[in-house]
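Participant: Got a predicted model here, sequence first, then my questions.
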Amino acid sequence: MNLMAPNLRTRSRWWAVALFAFAAFVVLIAASALRPQTPATAERPSASGERPSASAKRPSAAIATPADLIVLMAASVDQPGSVVRLPADGSTLALIDTDFDPAFATTSSGDRIYVASGLDEDGVLTTIDARTGKKIAEVPFTDRWRNTLPAYFDVLTVSPDDRWLYGLSFQSLGAERDGYYLRIFDVAKGQFLREIVQLSCVGGLTLPGRGDLVIACPHSGALLSVSIGAAGDVGLIGSTEISQSGIAGAARLPGSQGTLVLTKEGNVVRVDRKGVNLLFKTTGTLPPAFDGLDVSPDGKTIYVARGTTSRGMIGSIKAYDIAGKQLASSNLDEAAWTMSISKDGRYVLLPAHGAGAILMLDANTLQTVDQIEAGGAPVQVIEP
């Protein structure tokens, strides 16, 4: 007689029941994971301050939307503004209300935002937590630009290592005499350096690199290069004339010491240690006033904006490879103030000021893939 047979049969039945229960559990978990989720969202206020209706709210599951956008709002020059965060879930987080003519920049990690606003004795530089909007520090920044270059272009930028913050400033030297300067903010110490660097141009677009800073002068058409030491000391300022007509946009070329410049004539040139070299010429209407060029993170695609008849804003965009071959083009439904590329290089981000929205274009086709309601008048957008 086999005395072990009953035990084997009992164990077999037990294992069969256990396996069946485990399979049922797996099926239930998979079904739960596949069930559509409905995250809670906060409604965005409209430009007038009213809450939009539920039907007008942007769907929270827009596939094209980056994880987060930081947007600077400003109705016009000499008007107060604000900074908001637009998470991908469709909500809005108000970070800070600013004084007149705001400008802003973020660290490379996206954890801090620097906001400059106010004029004369009211000027301040505020550091805030990008996640919560909590104010971290505030220092006077009284000598600022005025009515020469709109403050919401790249007049406030952070070095790639997040060590220094560069800001353009302005001082009145007398009747019809103005001076323009570079101020350097020590992020670690939370204060401006004593040294104030005088510039030879009116306003400018600041383009920081590792150990140096390039300043494109839109009005004079010159490109200034400044070396920045480890202690924030400034070396000799070099100047290269690019165009007598002026500069309509500039960007650092990733992975190199070169700078790409778009002239008011529509020429795209590369400036580096080898000199000034014409890459290609563009055609069409005149470029916008100050922000007409950007480059993809891999340095292979150059985006050239064309202006509108309304104050030189962006009305269309063309994409070129580095040799000047046109890859794509698009006419915008709404005019945009500035242009930026998402960190992953997938999207072109355009704040449509009049429409109160952020336009998102596919970086390869330049076709609109999303239009995000901003709840105000956006002038600059950053993906932190």
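Facilitator: Perfect, thanks for sending it. Note that this is a predicted model, so its numbers are computed, not measured.
Participant: in the stretch 201-350 of the chain, which spans are strands?
Facilitator: Here the stretch 201-350 of the chain has its strands, by DSSP state E, counting those that start in this stretch, at 205-208, 212-216, 222-228, 234-241, 247-252, 259-263, 267-272, 275-281, 293-295, 301-307, 314-321, 326-336, 340-341, 347-352.
Participant: Could you provide these in JSON lines, with additional columns for mean neighbour count?
Facilitator: From N, CA and C alone the C-beta is placed, and that goes for glycine too. As requested, the strands of the stretch 201-350 of the chain are exported to JSON lines (neighbours: other Cβ atoms under 10 Å):
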{"stretch": "strand 205-208", "mean neighbour count": "22"}
{"stretch": "strand 212-216", "mean neighbour count": "24"}
{"stretch": "strand 222-228", "mean neighbour count": "20"}
{"stretch": "strand 234-241", "mean neighbour count": "13"}
{"stretch": "strand 247-252", "mean neighbour count": "26"}
{"stretch": "strand 259-263", "mean neighbour count": "25"}
{"stretch": "strand 267-272", "mean neighbour count": "18"}
{"stretch": "strand 275-281", "mean neighbour count": "13"}
{"stretch": "strand 293-295", "mean neighbour count": "22"}
{"stretch": "strand 301-307", "mean neighbour count": "23"}
{"stretch": "strand 314-321", "mean neighbour count": "20"}
{"stretch": "strand 326-336", "mean neighbour count": "17"}
{"stretch": "strand 340-341", "mean neighbour count": "20"}
{"stretch": "strand 347-352", "mean neighbour count": "25"}
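Participant: May I see these arranged in JSON lines, with mean pLDDT and distance to residue 287 as well?
Facilitator: Output for these, formatted as JSON lines (pLDDT from 0 to 100; distance: least, Cβ to Cβ, whole Å):
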{"stretch": "strand 205-208", "mean pLDDT": "90", "distance to residue 287": "13"}
{"stretch": "strand 212-216", "mean pLDDT": "92", "distance to residue 287": "13"}
{"stretch": "strand 222-228", "mean pLDDT": "92", "distance to residue 287": "16"}
{"stretch": "strand 234-241", "mean pLDDT": "89", "distance to residue 287": "18"}
{"stretch": "strand 247-252", "mean pLDDT": "92", "distance to residue 287": "4"}
{"stretch": "strand 259-263", "mean pLDDT": "94", "distance to residue 287": "6"}
{"stretch": "strand 267-272", "mean pLDDT": "94", "distance to residue 287": "10"}
{"stretch": "strand 275-281", "mean pLDDT": "94", "distance to residue 287": "12"}
{"stretch": "strand 293-295", "mean pLDDT": "95", "distance to residue 287": "8"}
{"stretch": "strand 301-307", "mean pLDDT": "92", "distance to residue 287": "6"}
{"stretch": "strand 314-321", "mean pLDDT": "93", "distance to residue 287": "9"}
{"stretch": "strand 326-336", "mean pLDDT": "93", "distance to residue 287": "13"}
{"stretch": "strand 340-341", "mean pLDDT": "93", "distance to residue 287": "16"}
{"stretch": "strand 347-352", "mean pLDDT": "94", "distance to residue 287": "15"}
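Participant: Out of those strands, which gets nearest to residue 122?
Facilitator: strand 205-208 (22.6 Å; Cβ to Cβ).
Participant: For that closest one, what is the distance to the chain centroid?
Facilitator: 13 Å (Cα atoms, centre = their mean, to the nearest Å).
Participant: and this structure, what are its domains?
Facilitator: Following automatic domain parsing, the chain resolves into domains at 66-208, 244-373.
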